[in-house]
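1. I need the structure of the sequence given here:
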Amino acid sequence: MKLLLATRNQGKIREFQGLLADVEQLQVLSLNDLGNAPEVVENGLTFEENARKKASEIAVFTRLMALADDSGLEVDALGGAPGGYSARFAGESARDADNNRKLLELLADPPDASRAARFRCVLALAIPGPGGPIHFHVEQGVCEGRIGRHPRGQLGFGYDPLFIPEGFSRTMAELAAEEKNQISHRARAFRQMREYVLNNYATF
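-> Take a look at the predicted model:
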């Protein structure tokens, strides 16, 4: 059975493939394996709207079971920002370093006790049915933590060099993949989605 990851983000692809490595029933593909997949405009107001839209459009186009995520960073001192704008916090063409720099600038004053934040991930699985109907299943995962004052680590992507998970002194970018996959927002959402797929794939 084929499962298409509706992303071209290499960091996300590595995480998801690592979480699925032992599921022999699945052949895991990504948009990088397709030459002509459409670019989905993420114009939803919530993480779930964007995840559903990406999964649906890719599933309709390929007629394959498609898994999409929308995830981001929510910082309490910024009223939940960057939230849905996490990937483009510093502008539409922003790089990770640009987004991290802007975040640190906005958090120059708050003390450590006021730098609480969380990564949130919403996963949407779109399953094409006979004749075109799409069935959805949605899961969500959260990783609580705080924002550090300087980037640390080379192992992650996005805001990982600034995010210190609850119970850790290291940033997400200083954690080995095995550690990150135990606590990350995507891993938590995916463990739930994985259980759903394994329990129901025979009916897809």
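2. quick one: secondary structure of the most centrally placed residue in the chain?
-> Central residue of the chain (CA atoms, centre = their mean): residue 71, 4.3 Å from the mean position. Classification of residue 71 by DSSP: H, G, I helix; E, B strand; the rest coil places it in strand.
3. list the contacts for it?
-> 47, 86, 119-122, 185-186 (CB atoms under 8 Å, 6 or more residues apart in numbering). Where you see a C-beta, it was placed from the backbone N, CA and C, and this is true even at glycine.
4. Can you show me the helices along the protein?
-> Using DSSP state H, the helices of the chain run over residues 10-20, 47-62, 96-106, 177-183, 185-200.
5. any idea how far the closest residue in space to residue 75 that isn't next to it in sequence is from residue 86?
-> Distance criterion CB to CB, 6 or more residues apart in numbering; nearest residue to residue 75, sequence neighbours excluded, is residue 117 at 4.4 Å. Using CB to CB, to the nearest Å, we find residue 117 at a distance of 11 Å from residue 86.
6. doesn't residue 52 make contact with residue 136?
-> Yes - counting by CB atoms under 8 Å, residue 136 touches residue 52, with 6.2 Å between them.
7. Now for the chain, the helix or strand with the poorest mean pLDDT.
-> helix 10-20 (a mean of 80; mean pLDDT, DSSP states H and E).
8. could I have it exported to PDB, CA atoms only?
-> Coordinates of each C-alpha in helix 10-20 appear next as PDB, following Å, rounded to 0.1, in the frame of the first residue of the first chain:
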ATOM      1  CA  GLN A  10      13.300  17.200   3.500                       C
ATOM      2  CA  GLY A  11      13.300  17.600   7.300                       C
ATOM      3  CA  LYS A  12       9.700  16.500   7.500                       C
ATOM      4  CA  ILE A  13      10.200  13.700   5.100                       C
ATOM      5  CA  ARG A  14      13.100  12.300   7.100                       C
ATOM      6  CA  GLU A  15      11.100  12.500  10.300                       C
ATOM      7  CA  PHE A  16       8.100  10.800   8.800                       C
ATOM      8  CA  GLN A  17      10.100   8.100   7.100                       C
ATOM      9  CA  GLY A  18      11.900   7.400  10.300                       C
ATOM     10  CA  LEU A  19       8.600   7.000  12.100                       C
ATOM     11  CA  LEU A  20       7.300   4.600   9.400                       C
END
